[in-house]
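Asks: just to be clear, the model below is a prediction. Sequence and coordinates:
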Amino acid sequence: MIKGVLLSSVCLLSLSTKAAASLVVLGPGGPAPAMKKCGALFADAKKVNVEVKAGPMDSWQTDIPNADIFYSGSENMMDSFKDKISELDGSTIQTHYLRPSAILVRPGNPLKIKGVKDLTERKIKVMVVNGAGQVGMWEDIVGRLQSAKALNTFRANTVFAAKNTGEADKRWKEDSSIEAWLVFNIWGTRNLDNAEIIPTEKELTIYRSMGTALSTKKGDKNLAKEFVKFVASDECRKVFNKEGWK
């Protein structure tokens with residue numbers, strides 16, 4: 001009888017200490033705040049663990065073999081991931097949200113910057129990002145003016161070109177001499193204390209996306225598929241909308 005009780009206790013202990021199912025999600029910093037909030041909502045609803053690791057690819061390179069889901073900050077970035085990460089299943093790529101270009105200026109907009117044209121017609125210290133989800137972004141925007149002079153002036157005004165938006169965000173906070181930052185609107189929603197968002201002119205505005213892809217990692221992919229479906233749900237869409245995504 002005692003032996004039976006002991007065995008039952010061991011079984012119960014084994015069940016109670018069984019690790020919860022978990023997901024490892026990897027991607028860049030841009031969509032990270034929304035992805036982390038959606039991950040927390042999903043984890044709470046499903047009673048699972050969701051770990052979102054965000055930053056440049058080299059910061060989570062060693063986590064790739066354990067990844068369940070990858071997310072990107074642009075179609076170009078997702079293509080780059082597909083080329084570099086053999087564990088990414090290209091057949092599962094889905095685009096979910098987009099965000100528009102914008103100009104961040106200092107609080108109060110002291111230079112009264114109204115749009116991109118000001119950055120090509122006046123002497124203003126500008127910062128851009130030449131990497132990650134913004135490869136070629138400033139050229140795509142300024143090039144729509146169809147003016148070599150505008151491109152030359154904008155280049156001359158550019159005092160810092162960051163490799164990624166995380167680096168640019170750090171520079172914006174540390175170097176107050178930078179007067180304008182051509183970036184995506186979402187970086188303004190997280191910098192409300194030290195920036196104002198000026199929309200780029202409608203005819204010059206570009207949009208870039210965020211999307212997901214599943215890993216080729218062996219095992220049950222149902223939970224990962226459920227999370228991707230949740231990212232596109234009304235509940236998660238509200239989170240992304242609040243962060244500035246369309």
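Replies: Done, it's in. Numbering: from 1, shown residues only.
Asks: top strand in the chain by residue count?
Replies: Across the chain, the longest stretch assigned as strand under DSSP state E is strand 94-105.
Asks: shaky segments in the protein?
Replies: Using pLDDT under 70 as the threshold, the predicted model of the chain has low-confidence ranges 1-19.
Asks: hmm, try it at 80
Replies: Judged by pLDDT under 80, the chain has its weakly predicted residues at 1-20, 218-220.
Asks: can you pull out the helices in it?
Replies: Taking DSSP state H to define them, one finds helices in the chain at 2-16, 32-46, 75-84, 116-121, 137-142, 148-157, 165-174, 186-189, 222-231, 234-242.
Asks: to residue 211, which of those helices lies closest?
Replies: Distance to residue 211, taken as Cβ to Cβ, is lowest for helix 75-84 among the helices of the chain, at 5.5 Å. The C-beta positions use only the backbone N, C-alpha and C, and glycine is treated the same way.
Asks: which residue is the nearest non-sequential neighbour of residue 140?
Replies: Spatial nearest neighbour of residue 140, excluding adjacent residues (Cβ to Cβ, 6 or more residues apart in numbering): residue 206 at 5.3 Å.
Asks: what residues does the one you found make contact with?
Replies: 100, 101, 137, 140, 141, 200 (Cβ atoms under 8 Å, 6 or more residues apart in numbering).
Asks: out of those residues, who's nearest residue 166?
Replies: Distances from residue 166 to the contacts of residue 206, taken as Cβ to Cβ, are shortest for residue 137 (15.5 Å).
Asks: just checking, that closest one touches residue 129?
Replies: Yes: between residue 137 and residue 129 there is a contact under Cβ atoms under 8 Å: 6.9 Å.
Asks: the two: which is more packed in?
Replies: Each of residue 137 and residue 129 had its neighbours counted (other Cβ atoms under 10 Å), and the higher figure belongs to residue 129 (26 against 22).
Asks: on the strand side of things, show who that one bridges to.
Replies: Under the criterion DSSP bridges, residue 129 forms beta bridges with residue 162.
Asks: distance check, it against residue 22.
Replies: 32 Å (Cβ to Cβ, to the nearest Å).
Asks: buried set for stretch 65-72?
Replies: For stretch 65-72, the neighbour count (16 or more other Cβ atoms under 10 Å) marks 67, 68, 69, 70, 71, 72 as buried.
Asks: out of these, which comes closest to residue 37?
Replies: The shortest distance between residue 37 and any of those, using Cβ to Cβ, involves residue 71 and amounts to 13.3 Å.
Asks: ok, that closest one touching residue 30?
Replies: No: under the criterion of Cβ under 8 Å, residue 71 is not in contact with residue 30, lying 9.6 Å apart.
Asks: now do the shared contacts for the two.
Replies: Going by Cβ under 8 Å, 6+ apart, residues that sit against residue 71 and also against residue 30 are residue 210.
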